[in-house]
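Participant: okay, predicted coordinates and the sequence, questions at the end:
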Amino acid sequence: LGIGEVAGIGGVPAELISLEGDEDIVDRALALGRRVLGDGRIARVTPRHLFVGAPYGRGHPGGIPVPASAPQLPALPKGRARRPRVAVLDSGYLAGVSPELDARVTGATVEPGPLDGAGWRVAAAGHGTFIAGLIARLAPDAAIEMRAVFQPDATVFEDDVAAALVDVAQDPPDVVSMSFGGWTVDDRMPAAIAQALALLPPTTVVIAAAGNERSSRPRFPAADDRVVAVTAMRRRGVIADFANHGPWVDCAAPGVDLVSTFIDCEETASPVWLVQKGFRPVRRRPERFACGASWSGSSFAAPCLAGK
């Protein structure tokens with residue numbers, strides 16, 4: 001049963017297919033994949049992968065920001081003939097929080113939220129703004145181009161990522177930064193994203209967060225050969241206890257207790273206990289954010305490398 005067409009990836013049409021019923025879904029998918037199209041091409045069927053923003057991985061102890069003073073951004077340098085361009089695929093960016101950051105950011109200038117029905121900050125709210133602030137502090141002259149791919153709960157669909165990369169490839173930047181990812185059914189790069197990445201020239205550096213599950217299993221898109229996988233480290237080069245690791249990880253960058261620009265919001269929910277396997281329970285209390293926060297995760301190691 002076809003449930004809708006997806007924008008073609010790199011000139012190849014795509015369609016979402018819903019597989020339901022008692023039959024084995026894998027067998028049905030393989031049968032569809034063996035179908036020969038009218039022009040002689042072979043249809044390819046893959047799962048529609050759902051990723052998650054990198055601070056929210058199962059292994060991250062808390063995965064939530066805490067209020068901090070809004071950092072002072074350096075002045076925007078003048079007189080440069082060309083500014084380096086960084087495309088960020090994330091939750092978007094909330095304009096109006098920081099005039100200094102507004103002068104550097106273009107693209108998706110809105111973010112989800114900020115609060116859900118229970119009074120907690122929506123998971124994706126502030127994520128892209130925080131990342132933009134990190135890049136601006138490390139690369140004061142960078143032009144930051146935001147693409148919104150997150151759902152409000154900080155999940156990301158594979159085809160939304162692919163469509164954003166196709167758009168980015170129309171005018172390739174110097175760097176692409178992605179702070180999300182996940183495991184795939186066959187431990188291979190999702191087909192749609194691989195096709196979209198192939199449109200970028202080799203001069204564009206593609207960076208992705210390695211994730212926070214404390215696992216060595218390859219996590220995509222970071223684990224792909226075309227992508228630089230960045231995990232999180234503490235001060236003095238010690239890898240964070242929540243950080244993913246393994247031969248597919250290329251490098252580490254700061255990712256613990258980083259301070260950056262954030263949204264302005266006040267949570268109104270009641271306190272709760274967060275219980276995560278392998279970590280002590282964390283008491284979460286409502287917070288008041290005033291345009292600054294401290295946060296941890298490989299989500300923020302990726303833009304630290306991008307800013308360098």
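Facilitator: Received it, and whenever you're ready, just let me know what you need. Keep in mind the model is a prediction, meaning the values are calculated, not measured. Numbering: from 1, shown residues only.
Participant: how about low-confidence regions in the stretch 201-308 of the chain?
Facilitator: 275-279 (pLDDT under 70).
Participant: which residues of it fall in helices?
Facilitator: Across the stretch 201-308 of the chain, reading from the start of the chain, the helices by DSSP state H, counting those that start in this stretch fall at 298-307.
Participant: what do you get for the stretch 1-150 of the chain?
Facilitator: So, for the stretch 1-150 of the chain - with DSSP H, counting those that start in this stretch - the helices run 25-33, 99-102, 127-138.
Participant: weakest of the ones you listed in terms of mean pLDDT?
Facilitator: Mean pLDDT per stretch puts helix 25-33 lowest among these, at a mean of 63.
Participant: what count of nearby residues applies to G237?
Facilitator: Look at G237: counted by other C-beta atoms under 10 Å, it has 8 neighbours. Where you see a C-beta, it was placed from the backbone N, CA and C, and this is true even at glycine.
Participant: distance of it from I135?
Facilitator: 22 Å (C-beta to C-beta, to the nearest Å).
Participant: L200 and L165 touch, don't they?
Facilitator: Yes. In terms of C-beta atoms under 8 Å, L200 counts as a neighbour of L165; the distance is 7.1 Å.
Participant: more neighbours: which of those two?
Facilitator: More crowded of L200 and L165, by other C-beta under 10 Å: L165, with 28 against 19.
Participant: tell me who's in contact with the more buried one.
Facilitator: Contacts were defined as C-beta atoms under 8 Å, 6 or more residues apart in numbering; by that measure L165 touches L89, V176, I193, A196, L197, L199, L200.
Participant: can you list residues touching both of L200 and L165?
Facilitator: Taking C-beta under 8 Å, 6+ apart as the criterion, L200 and L165 both touch V176.
Participant: about what we covered before: dump the contacts of L165 into JSON lines; add distance to P112 as well.
Facilitator: JSON lines is the format used below for the contacts of L165 (distance: C-beta to C-beta, whole Å):
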{"residue": "L89", "distance to P112": "15"}
{"residue": "V176", "distance to P112": "22"}
{"residue": "I193", "distance to P112": "22"}
{"residue": "A196", "distance to P112": "23"}
{"residue": "L197", "distance to P112": "26"}
{"residue": "L199", "distance to P112": "28"}
{"residue": "L200", "distance to P112": "27"}
